[in-house]
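I'll drop the sequence and a predicted model, then ask my questions.
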Amino acid sequence: MYNSADPPLILLVAGLFIGITSCTAFVVTLKQLLKEWSKNRSTRNLANLRGAQVFFPFSGVAVGICIFLASCLQVFAFSEIIAYGFSIPLTVLMAGLVWYQLTRLFNQLEEKGLRGIDLDDLSLGKIIPQQNPRDN
């Protein structure tokens, strides 16, 4: 175990590793489920997008980010209590908002299909460039 005066560099690297590996698993799982959905347009596949198969790697990303953020704060001489007291609520809030946005996107996908997704409604229109329908 490390001394509280020493920064937790092992936890910093471990949090980064957990976040990156969980993110990779999340992206691969999401792509696979969306590919299956695009082939047969089953609502069961969309239900899987909201299930444990996607939520488990997503929560791994959140845990990795929380550990990494708290460890970074400890490197800058914050105590463990302050570092985790800041990191946990921030990570829970961020992960909750991202999950809420994802479920809204999945709902639009289920209701309107791939062409019916309105990125402006999701507040993503300025971030993700869209083709003008008149250009086609």
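Thanks, I have the structure now.

alpha carbons only for contacts and neighbour counts from here, please
Will do.

so where's this structure shaky on pLDDT?
Residue ranges of the chain with pLDDT under 70: 1-7, 41-48, 112-136.

can you pull out the helices in it?
All helices of the chain, identified by DSSP state H, fall at 9-40, 43-49, 52-75, 80-112.

The last one packs against which elements?
In this structure, helix 80-112 makes packing contacts with helix 43-49, helix 52-75, judged by 3 or more CA pairs under 8 Å, 6 or more residues apart in numbering; DSSP states H and E.

out of these, nearest to Ile81?
Closest approach to Ile81 among the helices and strands packed on helix 80-112 is made by helix 52-75 (9.3 Å; CA to CA).

which strands and helices sit next to that closest one?
Using 3+ CA pairs under 8 Å, 6+ apart, helix 52-75 is in contact with helix 9-40, helix 80-112.

As TSV, those helices with distance to Val63 would be great.
Formatted as TSV, the helices and strands packed on helix 52-75 follow (distance: least, CA to CA, whole Å):
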stretch	distance to Val63
helix 9-40	7
helix 80-112	8
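
coming back round to it: which of the helices and strands packed on helix 80-112 sits most buried?
helix 52-75 (a mean of 21; mean count of other CA atoms under 10 Å).

burial of Lys31, as a residue count?
By the criterion of other CA atoms under 10 Å, Lys31 has 12 neighbours.

Spit out the contact partners of it.
By CA atoms under 8 Å, 6 or more residues apart in numbering, no residues touch Lys31.

so how far is Phe78 from it?
39 Å (CA to CA, to the nearest Å).

okay, which residue is most central for this protein?
Phe58 (5.2 Å; CA atoms, centre = their mean).

OK, contacts around the closest residue to that residue other than its chain neighbours?
Leaving aside its sequence neighbours, Phe58 sits nearest to Phe26 (CA to CA, 6 or more residues apart in numbering; 6.0 Å). Phe26 makes contacts with 54, 57-58, as judged by CA under 8 Å, 6+ apart.
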